[in-house]
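Chemist: Here is the input, now give the coordinates:
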Amino acid sequence: MDMSDSTRLRLEPADEGMHPVEEAVNFNESMYVNVFDHAQQLGGWFRVGNRPNEGHAEMSCCLYLPDGRVGFMHQRPTISDNAALDRAGMRFEVLEPFARMRVTYRGSLCVPGDPQAMRDPKRAFRENPVVAAEVQLDLEGVSPMFGGEQVDADRQPVQEAPEDAFARGHYEQHVRGRGHFVVGTERFTVDGLGLRDHSWGPRYWQNLLWYRWLPMSFTEDFALNVSVVTLRTGAPRVWGMVLTRGADGEKRYDHVVSGSVESDYGDGRQALGQRVQLRTASGRDYVVEGRALACIPLRNRRKQDDGVWLETRITEAMTRYVCDGHVGYGMAEYLDQMNGEEPAGYPT
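Modeler: Okay, the predicted model is just below:
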């Protein structure tokens, strides 16, 4: 998102609710949460995205179990409205704007012995166990809000070309999540840290060339989130924030102004770890080392009007991070447009 002198970010408690459906065929409204229990090395991420003009929603549930298994489910239920983020067994409820929310899921998960089986999702779902699953997490914000919607001087949303846009309205918050996961006959009590976000506006997963998204939490007072992005035009973008507690005792976000990611790759050119260097607006430098504990490769495909299929790979790794002597956990989400087996962002 490029901000000009005539635009600004607007964020109000009403933005925790649903937004009017826009004319763009690829209008999307979505919520996402991740939570990781540090003591158990257990966690997961959860997303519902409504695409009412395309007639379907996207629901994803992904759980990382302590023994390295990953349970995953994706559904594309038919929808005709944007009334709620409550699809295919997953529900997001805002209990108190900017403070408390709940995510629940009742459905099933495919749990392959090797998460890499999801390279071929049809085969993975056909040949691996699919078990009943349940998620309930109560989330409490441990940070201020970050982000908003880009608006003009008249407070009207800034319009973007549907083929270029990704998340015109977008905000995030670090959270603590408490609840439980049930996977088949296994039950896990969860007390962890993570991140939630809410986005709306036109979006195709193919509108960016590649990105590295690295949300992580160390304590309730120290957390980071950074995105290193290359647009379809080839233009680079780096953004994010560091949650700290100031000398006055107040928590605040220190904005990331520059940064880089160097990745270690394994089979299939999937990232096994990364070294992140950041500088914030306050002039503080951070170095973060990440190492994947479990990685699942996912994909999104879209057929163009000319009949050509575009394929996007998104690898989702539960990752152990080290920074300033702190150990934390979070995600390493790598999105790449694929040219055969070649990821667009390799070797970044």
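
Chemist: If you count neighbours, what's buried in stretch 55-75?
Modeler: By neighbour count, and taking 16 or more other CB atoms under 10 Å as the criterion, the buried residues in stretch 55-75 are 56-65, 69-75. C-beta here means a position set from N, CA and C on the backbone, and glycine is covered the same way.

Chemist: Can you pull out the low-pLDDT segments for the stretch 1-150 of the chain?
Modeler: Scanning the stretch 1-150 of the chain for pLDDT under 70 picks out 1-6.

Chemist: mind listing the helices for it?
Modeler: With DSSP state H, counting those that start in this stretch, the ranges of helices along the stretch 1-150 of the chain come out as 121-127.

Chemist: Tyr346 in helix, strand or coil?
Modeler: Following DSSP: H, G, I helix; E, B strand; the rest coil, we place Tyr346 in the coil state.

Chemist: mind listing what it touches?
Modeler: Contacts for Tyr346 (CB atoms under 8 Å, 6 or more residues apart in numbering) come out as Tyr265, Arg269, Asp336.

Chemist: quick one: which of these is nearest Asp15?
Modeler: Distance to Asp15 across the contacts of Tyr346 (CB to CB) is lowest for Asp336, with 30.3 Å.

Chemist: if I look at that closest one, how far off is Glu311?
Modeler: Remark: distance between Asp336 and Glu311 (CB to CB, to the nearest Å) = 10 Å.

Chemist: what about the two, which has more around it?
Modeler: The residue with more neighbours, out of Asp336 and Glu311, is Asp336; 24 against 15, by other CB atoms under 10 Å.

Chemist: How about that one: what's its closest non-neighbour residue?
Modeler: Once flanking residues are discounted, Asp336 sits nearest to Pro343: 3.5 Å by CB to CB, 6 or more residues apart in numbering.

Chemist: so that neighbour makes contact with Arg269?
Modeler: Yes. The pair Pro343 and Arg269 passes the contact test of CB atoms under 8 Å, sitting 5.4 Å apart.

Chemist: Start and end of stretch 214-232, how far apart?
Modeler: 20 Å (CA to CA, to the nearest Å).

Chemist: Which positions in that stretch come out as buried?
Modeler: Buried, per 16+ other CB under 10 Å, within stretch 214-232: 214-218, 220, 222-231.

Chemist: Give me the distance from that stretch to the chain's centre.
Modeler: Remark: stretch 214-232 is offset 10 Å from the chain centroid, using CA atoms, centre = their mean, to the nearest Å.

Chemist: try stretch 60-71
Modeler: 16 Å.

Chemist: residues in contact with it?
Modeler: For stretch 60-71, the surrounding residues in contact (CB under 8 Å, 6+ apart) are 36, 40-47, 72-74, 90, 105, 107, 109-113, 115, 131, 133, 135, 181, 183, 186, 188, 293-294, 296, 298, 316, 318.

Chemist: same thing but at 6 Å, please
Modeler: For stretch 60-71, the surrounding residues in contact (CB atoms under 6 Å, 6 or more residues apart in numbering) are 40-47, 72-74, 105, 109, 111, 115, 181, 183, 294, 296, 318.

Chemist: C-alpha coordinates for it, PDB please?
Modeler: Output of stretch 60-71 as PDB, limited to C-alpha atoms (Å, rounded to 0.1, in the frame of the first residue of the first chain):
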ATOM      1  CA  SER A  60      -8.700 -23.000   6.300                       C
ATOM      2  CA  CYS A  61      -7.900 -24.700   9.500                       C
ATOM      3  CA  CYS A  62      -4.300 -25.800  10.200                       C
ATOM      4  CA  LEU A  63      -3.000 -27.400  13.500                       C
ATOM      5  CA  TYR A  64       0.600 -28.100  14.300                       C
ATOM      6  CA  LEU A  65       0.900 -31.000  16.800                       C
ATOM      7  CA  PRO A  66       3.800 -31.500  19.200                       C
ATOM      8  CA  ASP A  67       5.100 -34.600  17.400                       C
ATOM      9  CA  GLY A  68       5.500 -32.800  14.100                       C
ATOM     10  CA  ARG A  69       2.200 -33.800  12.500                       C
ATOM     11  CA  VAL A  70       0.100 -31.100  10.800                       C
ATOM     12  CA  GLY A  71      -3.700 -31.400  10.500                       C
END
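
Chemist: Could you find the closest non-adjacent residue to Gly184?
Modeler: Nearest non-adjacent residue to Gly184, counting by CB to CB, 6+ apart: Val131, 3.6 Å away.

Chemist: How about that neighbour: which residues does it bridge to?
Modeler: Val131 forms beta bridges with Leu109, as assigned by DSSP bridges.

Chemist: Relative to Glu160, which of the buried residues of stretch 214-232 is nearest.
Modeler: Distance to Glu160 across the buried residues of stretch 214-232 (CB to CB) is lowest for Leu231, with 12.0 Å.

Chemist: The longest strand seen in the chain - contacts with which helices or strands?
Modeler: Across the chain, the longest stretch assigned as strand under DSSP state E is strand 285-303. Other helices and strands packing on strand 285-303, by 3 or more CB pairs under 6 Å, 6 or more residues apart in numbering; DSSP states H and E, are strand 271-280, strand 309-323.
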